[in-house]
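A.B. asks: dropping a prediction and its sequence here:
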Amino acid sequence: MMNSTLSAVLNAFTIQDLITIGISLLLMILARPFSKWLNSEDDLTSRVSMMRMLNFLIIVAVLASVFVLHESAWLSRLTQSLIVIYFATLVTHVINYFVRRRFGKTRITSTGTSISDTYSSRGLSLAVAAFISVIALVTCLRILGLNSLLEAGGALGIIGLFLAMTQGSWAPDIISGLIILNSRLCEEGDVVQFNMDGTQIVASVFKTKLFHTECLDLANNHRLMVRNTKLRDYGIQNLSRFASAKGLRECMLFNIDYAHSQNEVTEMMLRAFSEIDRVEGMREEQFDPEVLVHDTGDYAVTWAVYYYIKDVKHLLKIKQKFRAHILAESVRSDISLATPVLQMNEVTLSKAAANVTPSM
């Protein structure tokens, strides 16, 4: 009885149905390793889910045409359209893989070797995706029965109208992304500094994507997504591109009382940097620190201390450690780093409070 039922079920399928289901099941199983081989960095989970969902819909459509809607013409057309969409997506990913390998930029990171997009690879990938999408769309329209030029043109016109009405939301970001890649304004791994909504951001560029750039905020240790158009408007300072072989010239400012001479301040800073070089070793020690007058205010002299570093990814950490060493040396040297005007105000207020006689 069971054998006869199984035989009847199998006889209900045609060879084409069995091949379609078998290939779809195989592709569902191989979706993750295949997608990881093509590109393991960009949205692996979403790409695997999309591929498996298309395979699942194809299998459901085949089963429905066999057991529910026998010899349904529109269901057969739907199955064929899903197959076209799946293979169009698959071919796009495969071609983009070879485009990235040929025109992308190879980088060596702590986790291994990776390939990042360039202007050429991104432009070719967009052209390939657009070309295959048009072919797949026209093929699906023909499969669905829109054979006349008027019917196909109407469907394409609706899609074109939708893209034209929404182009203000996506086209500027795509173009800005291509400009960023072409001009090499900032590349993956670069440390950049820019002002966003009144806040200074120091971040490492993680990846320049189609519509936005992902950055890793070095201060708060979180991922920051910035639209490509906004990133170009902010005015980026690329701290990884040095003006000379010395490295990045960093500066720290200190307000010190006029009572201390230039020699006292300079010697104090040099002693602090000697301790920094002995303990930390985070700067380019072959270049002596420069201690210069930055500004002469009403209550204090603003001293600027310049030094060179090359490990820009630890820029904030280096500056914090250097300030701690300079603070410790200032205490030992009896040179206060407190703003003198604040000290004077506190003394004045204290004297005024002491001279006030409580009313009876």
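C.D. replies: That came in fine, so what should we check first? Numbers count the residues shown, from 1 in each chain.

A.B. asks: mind giving me the domain ranges of the chain?
C.D. replies: Per the record, the chain has its domains at 9-145, 191-238, 248-345, by automatic domain parsing.

A.B. asks: buried ones in the longest helix that the chain contains?
C.D. replies: Assignment by DSSP state H gives helix 149-183 as the longest helix of the chain. Neighbour-count burial for helix 149-183 flags 152, 155, 172-174, 176-178, 180-181 (criterion: 16 or more other CB atoms under 10 Å). Every residue, glycine included, has its C-beta placed from N, CA and C.

A.B. asks: and if you look at stretch 278-289?
C.D. replies: Going by neighbour count (16+ other CB under 10 Å), the buried part of stretch 278-289 is 282-283, 289.

A.B. asks: and which of the buried residues of helix 149-183 is nearest to A203?
C.D. replies: Using CB to CB, I180 comes nearest to A203 of the buried residues of helix 149-183, at 14.5 Å.

A.B. asks: and the gap between that closest one and G198?
C.D. replies: The gap separating I180 from G198 is 23 Å, by CB to CB, to the nearest Å.

A.B. asks: before we move on, what about R241?
C.D. replies: As for R241, its distance to G198 is 25 Å (criterion: CB to CB).

A.B. asks: okay, the two: which has more neighbours?
C.D. replies: Higher neighbour count among R241 and G198: R241, with 15 against 5, using other CB atoms under 10 Å.

A.B. asks: OK, contacts around the more buried one?
C.D. replies: By CB atoms under 8 Å, 6 or more residues apart in numbering, the contact list for R241 reads D190.

A.B. asks: let's verify S204: helix, strand, or coil?
C.D. replies: Assigned by DSSP: H, G, I helix; E, B strand; the rest coil, the conformation of S204 is strand.

A.B. asks: quick check: mean pLDDT across the one helix or strand L224 maps to?
C.D. replies: Taking DSSP states H and E as the definition, L224 sits inside strand 222-227. Per-residue pLDDT over strand 222-227 has a mean of 90.

A.B. asks: buried ones in the helix or strand immediately after it in the chain?
C.D. replies: Downstream of strand 222-227, the next assigned helix or strand under DSSP H and E is helix 228-234. By neighbour count on 16+ other CB under 10 Å, the buried set for helix 228-234 is 228-229, 231-232.

A.B. asks: thinking again about what came up before, indicate which one of the domains of the chain is closest to Q167.
C.D. replies: domain 191-238 (12.7 Å).

A.B. asks: ends of the closest one, what's the gap?
C.D. replies: The straight-line separation of the ends of domain 191-238 (CA to CA, to the nearest Å) is 6 Å.

A.B. asks: check whether V94 really touches W37, as I assumed.
C.D. replies: No - assessed by CB atoms under 8 Å, V94 is found out of contact with W37, at 10.1 Å.

A.B. asks: just want to know which of the two has more residues nearby.
C.D. replies: Set V94 next to W37 and count neighbours by other CB under 10 Å: V94 wins out with 13 against 10.

A.B. asks: please identify which helix or strand holds that one.
C.D. replies: For V94, the element it lies in under DSSP H and E is helix 73-103.

A.B. asks: can you spell out which helices and strands pack onto that helix?
C.D. replies: Counting contacts by 3 or more CB pairs under 8 Å, 6 or more residues apart in numbering; DSSP states H and E, helix 73-103 is packed against helix 15-38, helix 44-67, helix 119-143.

A.B. asks: tell me how far the residue nearest to S65 when sequence neighbours are not counted lies from D233.
C.D. replies: Distances taken as CB to CB, 6 or more residues apart in numbering place L75 nearest to S65, at 4.6 Å, with adjacent residues excluded. Separation of L75 from D233 (CB to CB) stands at 50 Å.

A.B. asks: fine by me, we can end here.
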